[in-house]
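Engineer: turn this into a model:
(2 chains)
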Amino acid sequence: MSGSRNSAVQVKIPVSVKTGYHVNSNKPSEEYLIPLKLTWTATGALEGGEVTYPKPSLEKYEFSEKPLSVFTGNFDLVANFKVAANAPAGPGVAAGKLRYQACSSKACYAPKTIDISIPYQVQ
Amino acid sequence: MSLPRLSAAFATAILLGWILPGCSSGPHTVKAASVKPAQERHEAPEFTLKDGDGKVVHLADYRGKVVLLDFFATWCGPCKIEIPWFTEMERKNKDKGFAVLGVSMDDEGWEVVKPFLAELNVNYRVVIGNDATAQLYGGVDALPTTFLIDQAGKIAAVHVGLASKKDFEDGIQQLLQAPAGGIKPDQALLRTAPHLDPVPARSARAE
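Structural biologist: Prediction:
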């Protein structure tokens, strides 16, 4: 990604969930479920970073009485940054953590956190 | 301005499930498809964990009883289906030499587990698990994972994921009716737990 000072930049982060599994959406339909959440730990010369999540799907599973708000298949997270006014020209990296918790229709897996890194270039 | 692409790979588990052969011989009529013949059972690994009152619990304390050992977590939907079954099974069978022992795999510990147990009116003993205990039982990456242990302390059945209530009930009755025999504990090999591929979390990389 590259951008000039004071410009708004949008970063699309494609995510893929293997067939037969789902992750809870960023707003799960049950309080006990762990949401998918992207947070930034260091953004360098980028400011903001508000994340836009896709529209979840409501899926009924054998273990749930009501449909659950989940993400399945391929989807994008979109992060919205602004290049700082005083950003030095050159490269940098924004770093974040993506936390999620996956299940199949019969079993669930422990919550995981993976690293996200976005290299950028200030022009 | 170009938008970079970033891949976040969600890898998922492949359950290399054991198809456990159907049941043991014996004079009794109740047979559970998942219960292994006595001679094929192996020792349930010993562990020491604490319950909600801080009391130390050894699996060996349960020797002589049929034990349903349930690894669960509060964030696990399928676990919430099975736990009321186990509460009922505890109530029906606790005076017949049966006990349920829950092992919570919640990282947050009793802070989240106690309210959860209260909400579900759990009537059996629960301990907080850890990675070391999970490793003894094959990793326990998928929850719920439930082991049915016979009176001799050997694993008679393993259920990974949401299972059938009837299969649990039949397995418990079969073990209660037919005390385990066969292999002596010191002859058993500790390799009875199912092998599960972990859910690998891979770092996202910019393309």
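Engineer: where is the longest helix in chain B?
Structural biologist: Criterion DSSP state H: the longest helix present in chain B is helix B:77-93.
Engineer: for whatever helix or strand comes next after that one, which helices and strands make contact with it?
Structural biologist: Next helix or strand after helix B:77-93 toward the C-terminus (DSSP states H and E): strand B:98-104. Here strand B:98-104 touches strand B:66-72, helix B:77-93, strand B:125-128, going by 3 or more Cβ pairs under 8 Å, 6 or more residues apart in numbering or on different chains; DSSP states H and E. Using the backbone N, CA and C atoms, a C-beta is placed for each residue, glycine as well.
Engineer: returning to what we had before: centre of the chain to the longest helix of chain B, how far?
Structural biologist: Distance, stretch centre to chain centre, for helix B:77-93: 12 Å (Cα atoms, centre = their mean, to the nearest Å).
Engineer: can you spell out which helices and strands pack onto it?
Structural biologist: Using 3+ Cβ pairs under 8 Å, 6+ apart, helix B:77-93 sits against strand A:108-109, strand B:66-72, strand B:98-104, helix B:165-177.
Engineer: now do 10 Å
Structural biologist: Other helices and strands packing on helix B:77-93, by 3 or more Cβ pairs under 10 Å, 6 or more residues apart in numbering or on different chains; DSSP states H and E, are strand A:108-109, strand B:66-72, strand B:98-104, helix B:110-119, strand B:142-143, strand B:145-149, helix B:165-177.
Engineer: nearest to A:Ala42, of the ones you listed?
Structural biologist: Closest to A:Ala42 of the helices and strands packed on helix B:77-93 is strand A:108-109 (Cβ to Cβ; 27.8 Å).
Engineer: so does the closest one get close to chain B?
Structural biologist: Yes - using Cβ under 10 Å from any Cβ of the partner chain, we find that strand A:108-109 touches chain B at A:108-109.
Engineer: contacting residues around that strand?
Structural biologist: The set of residues external to strand A:108-109 that reach it, using Cβ atoms under 10 Å, 6 or more residues apart in numbering or on different chains, is A:21, A:23-24, A:33-34, A:63, A:100-103, B:12-13, B:72-73, B:75-79, B:141-144, B:161-162, B:196, B:198-199.
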